[in-house]
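Asks: Give me a 3D structure for the following:
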Amino acid sequence: MRANSLLKIFFPMLILCGCRMDAPIPAVENFELARYMGKWFEYARMPNWFEKDMTDVSVEYSIMPDGRVKVVNSGYRNGKLKSITGVAEYTGKDGSGELKVSFFRPFYSPYRIIKLSADYRYSVVVSGKNYLWILSREKTLTPEDRQEITGFLQKNGFDTGKLIIRESTVTGR
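Replies: Numbers count the residues shown, from 1 in each chain. Now for the predicted structure:
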């Protein structure tokens, strides 16, 4: 097969995966999977097609008997609850915040935790440089946390002006 034909096949796949050729921001170290389990609220995200018009987005992680992680993403679109369940697993050494996640097996995407507060109250997750989420144990972040995260993201080349901040359209959420 000619190189030109291979490029035509694989280039669109790279774009669909959200992969970028830049050097990735390293995952956090000393990551404790058990402490990461539980419910997280999406405080902010970079725009993406699969969460378009979604509000009140949250994710819940739980360890399954085989050691993989069950991932349940939920949110509201047009007042209706939508959810999707996937699985995550380590891609590297234990203790690194480097995982892969799949909602449509056998296809996996990178899940790299690039910033995590010492007490696991917030995290910043990327999948390539095109997808980014700021997750929090609470529905909001303190001004100090927001400033710290924003500074970190800007230092690492993210346009924080594009972030979609958590929106709630459901009473009591």
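Asks: How about the most centrally placed residue in the chain: what's its closest non-neighbour residue?
Replies: The chain has V125 as the residue nearest its centroid, 4.2 Å off, counting by C-alpha atoms, centre = their mean. In this structure, V125 finds its nearest non-sequential neighbour in W133, 4.8 Å apart by C-beta to C-beta, 6 or more residues apart in numbering. The C-beta positions use only the backbone N, C-alpha and C, and glycine is treated the same way.
Asks: What of E89?
Replies: In space, E89 is closest to R68, 4.7 Å off (C-beta to C-beta, 6+ apart).
Asks: can you pull the contacts of the one you found?
Replies: Shown here is R68, whose contacts under the criterion C-beta atoms under 8 Å, 6 or more residues apart in numbering are V87, A88, E89.
Asks: From those residues, pick the one nearest S109.
Replies: A88 (9.8 Å; C-beta to C-beta).
Asks: Do a quick rundown of the helices in this structure.
Replies: Assigned by DSSP state H, the chain shows helices spanning 3-17, 33-36, 143-155.
Asks: Check these for me: which has the lowest mean pLDDT.
Replies: For those, mean pLDDT drops lowest on helix 3-17, to a mean of 35.
Asks: list the buried ones in stretch 77-96?
Replies: G86, V87, A88, Y90, S96 (16 or more other C-beta atoms under 10 Å).
Asks: mind listing what the closest residue to the fourth one other than its chain neighbours touches?
Replies: This points to Y90. Excluding the flanking residues, the one nearest Y90 by C-beta to C-beta, 6+ apart is L99, at 5.7 Å. Going by C-beta under 8 Å, 6+ apart, L99 touches V69, A88, E89, Y90, T91, P110, Y111, R112, I113.
Asks: Look up the residues forming beta bridges with the third one.
Replies: Partner residues in beta bridges with E89, using DSSP bridges, are K100.
Asks: Tell me how far it lies from Q154.
Replies: Taking C-beta to C-beta, to the nearest Å as the measure, E89 falls 31 Å from Q154.
Asks: so for stretch 125-132, what's the average pLDDT?
Replies: 88.
Asks: buried sites along it?
Replies: Quick answer for stretch 125-132 (16+ other C-beta under 10 Å): V125, V126, S127, G128, K129, Y131, L132.
Asks: what's next to stretch 157-170, contact-wise?
Replies: 22, 41-47, 55-57, 76, 79, 129, 132, 134, 139-140, 150, 153-154.
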